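Student: the sequence and its predicted three-dimensional model are supplied below.
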Amino acid sequence: MAVELLKGNVALAEAAIRAGVEAYFGYPITPQTELLEHMAQRMPELGRAFVQAESELAAINMVYGAACAGARAMTSSSSPGISLMQEGFSYIAGSEVPAVVVDIMRGGPGLGNIQPSQADYFQVTRSAGHGDYHPIVLAPASVQEAIDLMVLAFDLADKYRHVVLVVADGLIGQMMEPAELPPMRPLRAERPDWALTGAQGRAPRIITSLELDAPALEEVNNRLQAKLREIREHEQRYAEQMVEDARLVVVGYGTAGRIAQTAVRQARREGMRVGLFRPITLWPFPERRLSRLADRVDAFLVVEMNAGQMLDDVRLAAGGQVPVDFYGRTGGMVPVPEEIYEAISALYRKLPDSARWGE
Amino acid sequence: MMVAETVLEEQVVYARPASLRDVPTHYCPGCTHGVAHRLVAEVLDELGIRERTIGVSPVGCAVFAYKYFNTDGCEAAHGRAPAMATGIKRVRPDMVVFTYQGDGDLAAIGTGEIIHAATRGELFTTIFINNAIYGMTGGQMAPTTLPGQYTSSSPAGRDVETAGFPIRMAEVIAGLPGAAYVARRSLHNVKEIMKAKKAIRTAFKVQLAGLGFSMVELLSACPTNWSMSPPEAMRWIEEAMVPYYPLGDFKVAEGVEALLKER
């Protein structure tokens, strides 16, 4: 495969096709529409299912249906559409069928705007629908990583029979970068042994999230929680740079993490011992590594394109050991490296010569 | 003694269809869900499609329909059965797919899903139970509740000035180009039940022939929430519901005519 110039949304769509998606259901919304458009062209070409749904609600429930039939299925949307899909996420998680969703986040609340944002962090990581669960959430910081995580999303969805969200912002969705697509995988020949395939020569299979009996539903929840613990144990992913001797570590994901990288390098040139920690899985949050870093750094600076959402997770991982400061922009504003550099140097100046603040 | 000669040969004239499981249902006495289930099951048996059928259950009284049909099945969110059925059928066009939905499910919260599934001509069949009330939640006003009808959320009777008029879904769906066969039948007596079965069979045949979307609306009884005895409920269907919801075929697209003539 060769490196080519690819737009984020198109790269996500084509990566999903190469990963073996059998069915795409979606509804147009900026800034993810190119993904749907690419699917509209490619899926019928390959003899696979494409439906432009009447709403995001319908789209996610079509995904639910296709997933019940044992197909690799996906949808994509942007923040307001993801709000509508929350119902479906919950049923999919409750029924334990695999599904992949792309969220190209935009500014909110409400209709907000169509500029890049990370304001969906809470809505995608905390629950993504009613009930007691977290979906798996992957956050790429480049077009290449978007491609790689798109393929991983399908594998994780199948492995855990769970909802997997790939969340990027409008910037990653819209920009073009050189990237390499994976080879085309053949479509899965066999249906999974839980899928609805017609009760031919076997007892009927039922896929439901309904269980009226409270003790039985608690058992369902216990099973779900055990699965989530397993995911938490095995799937924490992150990237880090220059953290070995860092006194201050900047924590940012996706576009914010990538912009922060420029600011961190500048701070290094100025002689500040600063590192970068970039979560790749937002759920499970890479808390293990971050807790270890909290043992030896003097402070964290969280950078997000929202008013401070992942901030909560960093605070939890830091466990009160070190101060956690925050720099964020909202409303679709994208920070420039200089702003983040200013936030870094302001915080760095406050670091005492001793190992901890307040000592 | 030649006892054996006096014993008549036994002949099965009535049995449980293979497409219906041998389990008790949770339906109230006098409810016609059981009749509707049986008609669908008989049709699946007669067409020999049980082993390649996937049913989609609704939210409402028929929420456990998947426990009663002896086919693969799944449970949709309220109103979303047509979207789920679309997803299933698009990836498994070789399967027979049906949704079984009540009036709150199909005619209120799921209007978008049913209208667009029908418009796209999705190749599945919908069995629509219209009993003019929300049964499972305890008798609230449905989109199909008749003018003046008393329910727990229209305690003074449905006032069309504020609550609008009941919606005739068969007529709505019949107006959509993707719908190939749309009929309304009633379950209030044996004659009508036999007609209902024929319509259900036609609807599944339309799916098998790939002619388009098919739906049969069934006027059904809810004695519990109507506060009536089962016989009173049957009379109420005939006397109050049928005049507002006329019975008949509302859409017979090209190619369906021939199927109607088949026995």
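Tutor: Received, thanks. Numbering: from 1, shown residues only, chains lettered A, B, ... in the order given.
Student: what does the host helix or strand of A:Val302 contact?
Tutor: According to DSSP states H and E, A:Val302 maps onto strand A:299-304. Strand A:299-304 has contacts (CB atoms under 8 Å, 6 or more residues apart in numbering or on different chains) with A:118, A:121, A:247-253, A:256-257, A:259-260, A:277, A:294, A:308, A:310-311, A:314, A:318, A:322-328, A:335, A:340, A:343-344, A:347, A:350-351, A:357. Yep, even glycine has a C-beta here, placed from its N, CA and C like the rest.
Student: given that strand, what are its sheet partners and their directions?
Tutor: strand A:248-251 (parallel), strand A:324-328 (parallel) (DSSP bridges).
Student: out of the ones you listed, which is the most enclosed?
Tutor: strand A:248-251 (a mean of 28; mean count of other CB atoms under 10 Å in any protein chain shown).
Student: tell me where the stretch 151-300 of chain A has helices.
Tutor: A:170-174, A:214-234, A:254-269, A:287-294 (DSSP state H, counting those that start in this stretch).
Student: which residues of the chain score low on pLDDT?
Tutor: I'll assume chain A. Counting by pLDDT under 70, chain A contains low-confidence residues at A:1, A:353-359.
Student: nope, chain B please
Tutor: B:1-6, B:263.
Student: can I get the very next helix or strand once past the strand holding A:Val302 in CSV, CA atoms only?
Tutor: Using DSSP H and E, the helix or strand that follows strand A:299-304 towards the C-terminus is helix A:310-318. Extracted C-alpha coordinates of helix A:310-318, given in CSV (Å, rounded to 0.1, in the frame of the first residue of the first chain):
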residue,chain,number,x,y,z
MET,A,310,-11.2,14.8,30.6
LEU,A,311,-9.9,16.9,33.4
ASP,A,312,-12.0,14.8,35.8
ASP,A,313,-10.3,11.6,34.7
VAL,A,314,-6.8,13.1,35.0
ARG,A,315,-7.7,14.3,38.5
LEU,A,316,-8.9,10.8,39.4
ALA,A,317,-5.7,9.2,38.0
ALA,A,318,-3.6,11.8,39.8
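Student: using JSON lines, lay out the helices of the stretch 151-300 of chain A together with mean neighbour count and distance to A:Asn9.
Tutor: Shown next, in JSON lines, are these (neighbours: other CB atoms under 10 Å in any protein chain shown; distance: least, CB to CB, whole Å):
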{"stretch": "helix A:170-174", "mean neighbour count": "25", "distance to A:Asn9": "5"}
{"stretch": "helix A:214-234", "mean neighbour count": "13", "distance to A:Asn9": "27"}
{"stretch": "helix A:254-269", "mean neighbour count": "22", "distance to A:Asn9": "14"}
{"stretch": "helix A:287-294", "mean neighbour count": "18", "distance to A:Asn9": "30"}
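Student: got those as TSV, with distance to B:Cys74 columns?
Tutor: Compiled in TSV, these are given as follows (distance: least, CB to CB, whole Å):
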stretch	distance to B:Cys74
helix A:170-174	32
helix A:214-234	16
helix A:254-269	35
helix A:287-294	35
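Student: how about JSON lines for these, with distance to chain B added?
Tutor: JSON lines is the format used below for these (distance: least, CB to the nearest CB, whole Å):
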{"stretch": "helix A:170-174", "distance to chain B": "25"}
{"stretch": "helix A:214-234", "distance to chain B": "13"}
{"stretch": "helix A:254-269", "distance to chain B": "29"}
{"stretch": "helix A:287-294", "distance to chain B": "32"}
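Student: nearest to B:Tyr134, out of the ones you listed?
Tutor: helix A:214-234 (23.4 Å; CB to CB).
Student: buried stuff in stretch B:15-32?
Tutor: B:Pro17, B:Ser19, B:Leu20, B:Arg21, B:Thr25, B:Tyr27, B:Cys28, B:Gly30, B:Cys31, B:Thr32 (16 or more other CB atoms under 10 Å in any protein chain shown).
Student: nearest spatial neighbour of B:Asp22, skipping sequence neighbours?
Tutor: B:Arg16 (6.2 Å; CB to CB, 6 or more residues apart in numbering or on different chains).
Student: which element is the residue of the stretch 101-250 of chain B found nearest chain A on?
Tutor: Residue nearest to chain A within the stretch 101-250 of chain B: B:His116 (3.9 Å; CB to the nearest CB). For B:His116, the element it lies in under DSSP H and E is helix B:111-119.
Student: contacting residues around that helix?
Tutor: A:53-55, A:57-58, A:61, B:79-83, B:85-86, B:101, B:106, B:124, B:126, B:169, B:172-173, B:176-179, B:213, B:215.
Student: which one, of the helices of the stretch 151-300 of chain A, ends up nearest to B:Phe204?
Tutor: helix A:214-234 (33.5 Å).
Student: CA atoms of the closest one as PDB?
Tutor: Written as PDB, here are the backbone C-alpha positions of helix A:214-234 (Å, rounded to 0.1, in the frame of the first residue of the first chain):
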ATOM      1  CA  ALA A 214     -34.400  -7.900  39.000                       C
ATOM      2  CA  PRO A 215     -32.000 -10.600  40.300                       C
ATOM      3  CA  ALA A 216     -31.600 -11.800  36.700                       C
ATOM      4  CA  LEU A 217     -30.900  -8.300  35.400                       C
ATOM      5  CA  GLU A 218     -28.400  -7.800  38.100                       C
ATOM      6  CA  GLU A 219     -26.700 -10.900  36.800                       C
ATOM      7  CA  VAL A 220     -26.700  -9.400  33.300                       C
ATOM      8  CA  ASN A 221     -25.100  -6.300  34.800                       C
ATOM      9  CA  ASN A 222     -22.500  -8.300  36.700                       C
ATOM     10  CA  ARG A 223     -21.500 -10.000  33.500                       C
ATOM     11  CA  LEU A 224     -21.400  -6.600  31.700                       C
ATOM     12  CA  GLN A 225     -19.200  -5.100  34.400                       C
ATOM     13  CA  ALA A 226     -16.900  -8.100  34.400                       C
ATOM     14  CA  LYS A 227     -16.400  -7.500  30.700                       C
ATOM     15  CA  LEU A 228     -15.800  -3.800  31.200                       C
ATOM     16  CA  ARG A 229     -13.200  -4.700  33.900                       C
ATOM     17  CA  GLU A 230     -11.500  -6.900  31.400                       C
ATOM     18  CA  ILE A 231     -11.500  -4.100  28.800                       C
ATOM     19  CA  ARG A 232     -10.100  -1.700  31.500                       C
ATOM     20  CA  GLU A 233      -7.400  -4.300  32.200                       C
ATOM     21  CA  HIS A 234      -6.300  -4.900  28.600                       C
END
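Student: which other helices and strands does that helix contact?
Tutor: Helix A:214-234 sits against helix A:79-95, helix A:143-160, with contacts defined as 3 or more CB pairs under 8 Å, 6 or more residues apart in numbering or on different chains; DSSP states H and E.
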